[in-house]
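K.L.:
Fold the following for me, if possible:
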Amino acid sequence: MLRFLLAFAFLTALCGADHHEGHDHVSRLLASYRAKEKAIERMILNRDIDKGVRPPGKDAVTDPVKVKLSMYINDLGLCKKYQELSVGGYFRQRWNDPRLAIDLGETGITTMMSTNVFENRRIWIPDTFSPADRLGFSREKFGHSFFRVKCCGGVLLSVKFRTKFACPFNEDQNEVTCSVSFESYAYGAEDMVYEWVNDGLMIDDVAKQLMKNQGWELVSSDISSGVNTFATGNYSEGKIVFKFVKTP
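P.N.:
Reported below is the predicted structural model:
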């Protein structure tokens with residue numbers, strides 16, 4: 001919606017509007033949009049939502065909530081000394097919480113961005129972590145996050161990150177495989193399930209070139225979802241398996 005407003009104002013200016021008039025028009029559109037967005041934000045903040053209770057499932061309250069994953073990677077590196085894989089990029093989680101659904105009426109806004117809702121932790125957020133992470137992947141600063149809520153209750157959380165994952169390998173290995181999984185601290189598979197979106201993993205050419213500069217080539221990066229069974233129960237996970245080979 002915001003992009004549409006900017007494009008409309010820009011075209012208006014090109015069609016003969018004075019420069020200052022065009023600028024004022026853009027400012028008025030943005031102010032109106034932000035005002036409506038803030039009103040919706042206040043509606044959510046004023047709701048009595050128990051953030052300690054997960055959202056209901058799609059078809060029934062007892063069904064697990066689905067958290068859909070995607071990742072964009074723009075930095076990769078292997079460290080022999082510390083046996084770790086460094087990864088940087090953007091990690092995105094999507095889920096639906098019908099408790100956040102809003103009847104927008106004539107506002108014309110279908111999505112909203114809210115730093116306050118996220119920073120104040122006024123809604124439920126997946127407690128996702130990675131067991132192989134060495135730098136606290138799940139504790140990224142809010143300032144590096146993007147948070148959006150749709151009128152239907154759909155939520156998008158995108159976090160910019162750079163961390164290191166344990167990846168044991170020997171110095172004389174010509175092939176190295178690193179597995180990175182994402183799981184929930186508290187919720188079993190009966191309450192929360194991880195799935196990857198279509199084309200859920202994208203790796204930038206720059207990241208691949210960085211690996212080549214270190215003497216490695218990324219030959220595959222596969223994503224999968226599944227359930228692990230432990231003594232305490234069954235837990236869903238989303239996994240990435242990286243495979244590297246030494247370059248001549």
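K.L.:
least trustworthy helix or strand in this structure by mean pLDDT?
P.N.:
Ranked by mean pLDDT, DSSP states H and E, the weakest helix or strand in the chain is helix 2-14, scoring a mean of 45.
K.L.:
Nearest the geometric middle of this structure, what residue?
P.N.:
residue 92 (1.3 Å; Cα atoms, centre = their mean).
K.L.:
pretty sure it is in contact with residue 69, am I right?
P.N.:
Yes: if you go by Cβ atoms under 8 Å, residue 92 and residue 69 touch, sitting 7.1 Å apart. For the C-beta atoms, the positions are set from N, CA and C on the backbone; glycine is no exception.
K.L.:
now the residue nearest to the centre of the chain: how far from residue 187?
P.N.:
19 Å (Cβ to Cβ, to the nearest Å).
K.L.:
Tell me how the protein divides into domains.
P.N.:
Taking automatic domain parsing as the reference, the chain has its domains at 2-45, 65-246.
K.L.:
so where's this structure shaky on pLDDT?
P.N.:
Within the chain, the segments meeting pLDDT under 70 span 1-46, 104-121, 137-144.
K.L.:
Tell me where it has strands.
P.N.:
Applying DSSP state E to the chain gives strands spanning 65-79, 84-96, 111-113, 128-129, 145-150, 154-166, 175-184, 192-203, 216-230, 233-246.
K.L.:
Okay, now the sheet partners of the first one, with direction.
P.N.:
To tie it back to what came earlier, the one meant is strand 65-79. strand 84-96 (antiparallel), strand 192-203 (parallel) (DSSP bridges).
K.L.:
Buried deepest among these, which one?
P.N.:
Of all those, strand 84-96 carries the top mean neighbour count, a mean of 20, counting by mean count of other Cβ atoms under 10 Å.
K.L.:
how big is the angle separating that strand from strand 145-150?
P.N.:
Between strand 84-96 and strand 145-150, the angle comes out at 20 degrees (axes from the mean of the first three to the mean of the last three Cα atoms, to 10 degrees).
K.L.:
how much space between residue 166 and residue 130?
P.N.:
In terms of Cβ to Cβ, residue 166 sits 10 Å off from residue 130.
K.L.:
Residue 48 now?
P.N.:
For residue 48, the distance to residue 130 - Cβ to Cβ - is 33 Å.
K.L.:
more crowded one of the two?
P.N.:
residue 130 (22 against 5; other Cβ atoms under 10 Å).
K.L.:
That one against residue 185, yeah?
P.N.:
No: using Cβ under 8 Å, residue 130 makes no contact with residue 185, being 11.0 Å away.
K.L.:
can I get the strands of the chain in TSV with distance to residue 56?
P.N.:
TSV is the format used below for those (distance: least, Cβ to Cβ, whole Å):
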stretch	distance to residue 56
strand 65-79	7
strand 84-96	9
strand 111-113	21
strand 128-129	19
strand 145-150	17
strand 154-166	14
strand 175-184	17
strand 192-203	12
strand 216-230	20
strand 233-246	17
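K.L.:
Contacts for stretch 70-90, please.
P.N.:
By Cβ atoms under 8 Å, 6 or more residues apart in numbering, the residues outside stretch 70-90 that reach it are 91-92, 94, 134, 158-169, 171, 176, 178, 180, 196-197, 199-204, 206-208, 210-211, 214, 216, 218, 240, 242, 244.
K.L.:
show me what contacts residue 126?
P.N.:
67, 93, 95, 157, 184, 192.
K.L.:
Could you do residue 225 as well?
P.N.:
193, 194, 195, 196, 236, 237, 238, 239.
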